[in-house]
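Chemist: Whatever this is, show me its structure:
(chains A and B, ligands or ions: 4)
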Amino acid sequence: MADEILMGAYICKGCGIGDRLDCGQLETTATRDGKAKFAKSHDFLCSADGVAMIQADIDSGETNHVIIGACSRRAKVEAFSFQNVTVSRANLREGVIWVRPDNDEANETTQEMADDYIRMACAESKFQQVPKGSGEQPLNKNILVVGGGFSGMTAAIEASAAGYPATIVEKSGALGGVMAQLNKRVATKSPYADPEDTTVADLIAAVEADPNITVHLNSKVTKTAGAPGRFDVDISTESGATTNVSMGAIVQASGMKQFDANKLTEFAYDKSDNVITQLELEALAKEANGGPIKRKDGKEVQSVVFVQCAGQRSDKEGHLPYCSGFCCTASIKQAMYFKDANPDVDTVIMYDDLRTPGAGGEDFYRSGQKKGVIFTKSSVSTIDASGSDLTVNFHDKILNEDQSMPADLVVLATGQEPNSGPDPYAVPMEMDDDASEEDKQAATDAHEVAINVESILNLDYRQGTDLPHLKHGFTDSHFICFPYETRRTGIYSAGPVRRPMDSQQAAIDATGAAMKAILEVENAAKGAAAHPRSGDLSFPSFRMEGCTQCKRCTVECPFGAINEDEKGYPQYNESRCRRCGTCMGACPVRVISFENYSVDSVGQQIKNVDIPEEFDEKPRILVLACENDAYPALDMAAQNRLQYSAFARVVPVRCLGSVNTIWLTDALNSGYDGIILMGCQKGDDYQCHFVKGSELAHTRMSKIADTLQTLNLEEERVATYEVAITDVERTAQLIEDMAESIEKIGMSPFKF
Amino acid sequence: MSNLNNQMVNKYRNDFLKEVEANVEEGDWVKMCMQCGVCAGSCPMGPYWDHPPQEIFMMIRAGKREEVLSSTSMWMCTSCYNCIARCPRELPITHIMHGLAHYGKRLGIAPKNQPTLKFSQKFWDNLMTNGRVNELKLGIALYFIDGFVQGIKNALAASGIGLGMFKAKRLDPMEILGGHSVKDKSGLKAMIKKAQEIEEARISGNQ
Ligand code: SF4
Ligand code: SF4
Ligand code: SF4
Ligand code: SF4
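Modeler: Ligands and ions are numbered 1, 2, ... in the order given. Next comes the predicted model:
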């Protein structure tokens, strides 16, 4: 740590950089302004020869802070990755020559751009250290699986097969979950024609025979403390006996619960024994064991009607707004139970849209039709259960007429509801004072619903006892980029608790989650980050002397990585941390930093840009671009040779959430004329890699208006955007727009 | 004939779909329709008839026997095969449409004054007389299908075509006197009679 910083700057002349820029001058800039110990140019820096030159300097102790002035940090990553030194990249290719026209008029500002990027890289380098890794926890290969149903057993078997011992905690007295209640499952193999064995018995046998899998029945997780690699878990039985175990990672496969069909009074579920749910039919079919299916009063069923989407895809109070995805195929399967036993039984499926996902879905549907199952596009209005037999009243949507049909039995295709714990974020953390009473009430109601359930993980985290919910009570998952990753690192949700699904999807899900858990176990042992900064060894630390115990970091960390100690100081759990830097952006006294990313490592880049005098008419635009989406989009703009203003200086940030407002205040105070912040899409359909980072940043930036006012600066000088990686042309245009508006409102008066 | 209709009603009770499967050409495909509506959207006759194929198939499943069999819809099919070419479920729709028309006719409940039906009957009768189609007689019969006055009008309106066909040796005025025929007329008739017997037997086997 105390090692002397030896900065060595290397300028590449390849890819046209040498033709367009004065590399000699760049070398001078690096040594004179950037205070590099030395600077060298090379015709082709990423070639074996160029790389060997750098490596030789490192080996001989000439440099331990390498500065590379070449292409974007996203290019030639392998060539320019050196061990035990910091590497800082000045983006001369994508950031300068590719976005600037090659003519005499432009050359001066283009060179200034390149000089600034060299100064910035040197400044960054000065404030970077090689991350050491925390060594906070050893390798702990044990994986906890919460839930002993189909998903849970699959996850345990997969983990064990890869050499990671699994522990299953199941709250009931037997393994198998909902799948064990099924008679058969939908076809999974070609020709996808007939219902198949559920395979649950095989799974249970495999679990029981596996010496690497421990099963706790009639048990619950009563405490989960610690972090990946060192989860400290209490498993308690009904009688109260508690076992304490140490786990590396956790898979939550707590499954689904049935929708309460009593809510469906229009379908007389509460009045008649002959109106049943799909799951109740499974029990009747099991009982029939291939013979004729009888209803509760013993009558052999001669006619059965299936009502699809019962209480689903509906915005009625208490109904599920979503499609559960499995139930159409399940009804087809159940109609086959009847047809296979006796082709003369009338089976009618009343659907609005028939959805049969999966490779074999369509074949299975056709097989049902071949077996004589009748499909009627209709909406069922009521079921009349005044007699022992039923009358189904429906509107035929093809013939556009009201109809009714007698039936011995009606099966309601009700949906899946997640069996998740209370949502830690059920109520917005801060409710605006000016929110309407209605909004406040709605939030409180939602909170009641979301928290009035039993905890599943009993997390001993400051941020709540369970996994955050994504939507409709389903647990977290980044639905675009990394489906199993939740906002609680090292805890992966799988199966119907994550989204509605069938057994085939659950098997894939469970396998994916097991794989993620294994990855995290290994990462935690190395002290490395999980997705999306996988492998990153840096971790945030805070200076206790400066901390005011404001708790912003603990509240804002999207991943619940920070606890509080007894004195109210933040307590980092490094292996829960995803290295987004949101805490660093939040801290009002700026005491949080990473070894290689800090308020200084970025702040100094901003400060080391050369700000020309006001009458030079050369404004400076600071662009803080998210490294996940906005920065690559700008790189791609450069690859497409789109041009943007020579006055822009782009600094990549880990997440817009890591932007500390001090950077903006400093930039405005030191004479920048405009600032653009580019983060990912926020909100419900977020694309932010750190889920909440961009959203938090946007909230913070909405307050920057005050700063602008105090400085007497125009509002247009700071702009915050949501940018997707595909917004290639737009990112370049946004810079152009800012340059234009500066032209209109004039230069900043703060140039000294 | 309506006797046969009654027998069928009694036999299949409410299960019109089963009746169609057993008695209508390609009828066992009807259950495979997934109600996508592609056929209805593809049919050039779409705007002109009461029920496109999609609807006919739904009506069959809904047990609307009389409505389907006495519908004019199937009689309007032009056999363009658009629907067959496009049906994602590969239903032989055209054949089913003709099969249904034929079945309704056989049961005696096909629509009475449907022009296609009337013309088809005339064509058959004309063909059966000599075993060859007598174009002149068929043409004249067609002109006078709606009565004498309309027939004269029709004949005058189409006289140009007739003249053209005559010049091209496609229309022989002498045909009016009996016309050409197959060599063995009684043989042909015996053959058709036998075929009809087999068909009757097949249907009564179904009864
Ligand atoms: S905010 Fe981000 S960087 Fe800070 S502790 Fe949480 S996960 Fe780690
Ligand atoms: S945000 Fe900063 S001052 Fe506030 S608790 Fe965290 S470290 Fe301390
Ligand atoms: S074949 Fe008949 S039913 Fe099919 S599209 Fe043509 S006219 Fe319509
Ligand atoms: S195109 Fe085929 S499947 Fe679609 S409605 Fe017509 S017959 Fe049915």
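Chemist: what number of residues lie near residue A:687?
Modeler: 22 (other Cβ atoms under 10 Å in any protein chain shown). Any C-beta I mention is one placed from the backbone N, CA and C, and that applies to glycine too.
Chemist: Now for it: which residues touch it?
Modeler: A:480, A:481, A:629, A:680, A:681, A:724 (Cβ atoms under 8 Å, 6 or more residues apart in numbering or on different chains).
Chemist: Identify those among those that sit within strands.
Modeler: Using DSSP state E, no member of the contacts of residue A:687 falls within strands.
Chemist: Make a PyMOL selection of the buried ones in those.
Modeler: Applying 16 or more other Cβ atoms under 10 Å in any protein chain shown to the contacts of residue A:687, the buried members can be selected in PyMOL as follows:
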select buried, chain A and resi 629+680+681
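Chemist: Keep only the contacts of residue A:687 that also lie close to ligand 2.
Modeler: When Cβ under 6 Å from any ligand atom is taken as the criterion, no member of these contacts ligand 2.
Chemist: what residues are up against residue 203?
Modeler: Since no chain was named, I'll use chain A. For residue A:203, counting by Cβ under 8 Å, 6+ apart, the contacting residues are A:150, A:153, A:154, A:157, A:175, A:176.
Chemist: To clarify, I was referring to chain B.
Modeler: By Cβ under 8 Å, 6+ apart, the contact set of residue B:203 is B:4, B:23, B:106.
Chemist: swap in residue A:505?
Modeler: By Cβ under 8 Å, 6+ apart, the contact set of residue A:505 is residue A:358.
Chemist: Show me which residues of the host helix or strand of it are buried.
Modeler: Under the criterion of DSSP states H and E, residue A:505 resides in helix A:503-526. Of the residues in helix A:503-526, A:503-507, A:509-526 count as buried by neighbour count, 16+ other Cβ under 10 Å.
Chemist: before we move on, what about stretch A:573-582?
Modeler: Those would be A:573, A:574, A:575, A:576, A:577, A:578, A:579, A:580, A:581, A:582, for stretch A:573-582 by 16+ other Cβ under 10 Å.
Chemist: ok, that stretch near ligand 1 or not?
Modeler: Yes - contact of stretch A:573-582 with ligand 1 (Cβ under 6 Å from any ligand atom) involves A:577, A:578, A:579, A:580, A:581, A:582.
Chemist: The residue lying closest to the first one once chain neighbours are set aside: what's it in contact with?
Modeler: Nearest-residue entry for residue A:577: residue A:561, 4.2 Å, with adjacent residues in sequence omitted and distances by Cβ to Cβ, 6 or more residues apart in numbering or on different chains. With contacts taken as Cβ under 8 Å, 6+ apart, residue A:561 has the following neighbours: A:227, A:489, A:572, A:573, A:574, A:576, A:577, A:578, A:583.
Chemist: Of those, which is the nearest to residue A:280?
Modeler: Within those, the smallest distance to residue A:280 is 39.9 Å, found for residue A:489 (Cβ to Cβ).
Chemist: Tell me if I am right that that closest one is in a helix.
Modeler: No - Residue A:489 is assigned coil when assessed by DSSP: H, G, I helix; E, B strand; the rest coil, not a helix.
Chemist: before we move on, the earlier item: could you dump the contacts of residue A:687 to JSON lines with distance to residue B:185 and pLDDT?
Modeler: Output for the contacts of residue A:687, formatted as JSON lines (distance: Cβ to Cβ, whole Å; pLDDT from 0 to 100):
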{"residue": "A:480", "distance to residue B:185": "78", "pLDDT": "72"}
{"residue": "A:481", "distance to residue B:185": "81", "pLDDT": "76"}
{"residue": "A:629", "distance to residue B:185": "85", "pLDDT": "95"}
{"residue": "A:680", "distance to residue B:185": "86", "pLDDT": "94"}
{"residue": "A:681", "distance to residue B:185": "83", "pLDDT": "92"}
{"residue": "A:724", "distance to residue B:185": "81", "pLDDT": "95"}
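Chemist: Just put the contacts of residue A:687 in CSV and tack on distance to residue A:189.
Modeler: Converted to CSV, the contacts of residue A:687 look like this (distance: Cβ to Cβ, whole Å):
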residue, distance to residue A:189
A:480, 31
A:481, 31
A:629, 40
A:680, 41
A:681, 40
A:724, 39
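Chemist: Low-confidence ranges, chain B, go.
Modeler: Low-confidence regions of chain B, defined by pLDDT under 70, span residues B:1-2, B:14, B:205-207.
Chemist: Pop the domain breakdown of the chain in here.
Modeler: Here I'm looking at chain A. What automatic domain parsing lists as the domains of chain A is A:1-130, A:143-257+A:456-526, A:260-414.
Chemist: I was after chain B.
Modeler: If you go by automatic domain parsing, chain B breaks into B:3-111, B:115-196.
Chemist: With adjacent residues omitted, what lies nearest to residue A:137?
Modeler: residue A:229 is the one closest to residue A:137 (Cβ to Cβ, 6+ apart), at 3.4 Å.
Chemist: For the one you found, give its distance to residue A:321.
Modeler: According to Cβ to Cβ, to the nearest Å, residue A:229 and residue A:321 sit 39 Å apart.
Chemist: Likewise for residue B:141?
Modeler: Counting by Cβ to Cβ, the gap from residue B:141 to residue A:321 is 65 Å.
Chemist: Those two - which one has more neighbours?
Modeler: residue B:141 (17 against 12).
Chemist: would you list the contacts of residue A:687 in a markdown table and tack on distance to ligand 4?
Modeler: Formatted as a markdown table, these follow (distance: Cβ to the nearest ligand atom, whole Å):
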| residue | distance to ligand 4 |
| --- | --- |
| A:480 | 34 |
| A:481 | 38 |
| A:629 | 42 |
| A:680 | 42 |
| A:681 | 38 |
| A:724 | 38 |
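Chemist: Just give me the closest of the contacts of residue A:687 to residue A:128.
Modeler: The closest of these to residue A:128 turns out to be residue A:629 (Cβ to Cβ; 23.4 Å).
Chemist: show me what contacts the closest one?
Modeler: Contacts of residue A:629 by Cβ under 8 Å, 6+ apart are A:678, A:679, A:680, A:687, A:689, A:723, A:724, A:725.
Chemist: same thing but 6 Å
Modeler: A:680, A:723, A:724, A:725 (Cβ atoms under 6 Å, 6 or more residues apart in numbering or on different chains).
Chemist: can you put these in CSV and add distance to chain B?
Modeler: Putting the contacts of residue A:629 into CSV (distance: Cβ to the nearest Cβ, whole Å) gives the following:
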residue, distance to chain B
A:680, 39
A:723, 40
A:724, 34
A:725, 36
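Chemist: mind checking the end-to-end distance for stretch A:42-51?
Modeler: Taking Cα to Cα, to the nearest Å as the measure, stretch A:42-51 stretches 10 Å from start to finish.
Chemist: So for it, mean pLDDT?
Modeler: What stretch A:42-51 shows for mean pLDDT is 96.
Chemist: residues in contact with that stretch?
Modeler: A:10, A:12, A:13, A:14, A:70, A:76, A:79.
Chemist: And residue A:455, how far from residue A:177?
Modeler: 19 Å.
Chemist: quick one: which of those two has more around it?
Modeler: Remark: of residue A:455 and residue A:177, residue A:177 carries more neighbours, 25 against 18, as counted by other Cβ under 10 Å.
Chemist: and the closest residue to residue B:74 other than its chain neighbours, how many neighbours does it have?
Modeler: Distances taken as Cβ to Cβ, 6+ apart put residue B:101 closest to residue B:74, at 4.0 Å, once the chain neighbours are dropped. Residues near residue B:101, counting by other Cβ under 10 Å, number 26.
Chemist: Might you list the low-confidence residue ranges for chain A?
Modeler: Where chain A drops to pLDDT under 70, the residues are A:1-2, A:427-451.
Chemist: Pull up the residues of it that are close to ligand 2.
Modeler: Counting by Cβ under 6 Å from any ligand atom, the positions of chain A adjacent to ligand 2 are A:542, A:547-553, A:570, A:586-587, A:589, A:591-592.
Chemist: Next up, phi/psi of the residue in chain B sticking out farthest from the centre, please.
Modeler: Using Cα atoms, centre = their mean, the residue of chain B lying farthest from its centre is residue B:167. It sits 32.2 Å away. With angles defined as degrees, to the nearest 10, residue B:167 sits at phi -60, psi -40.
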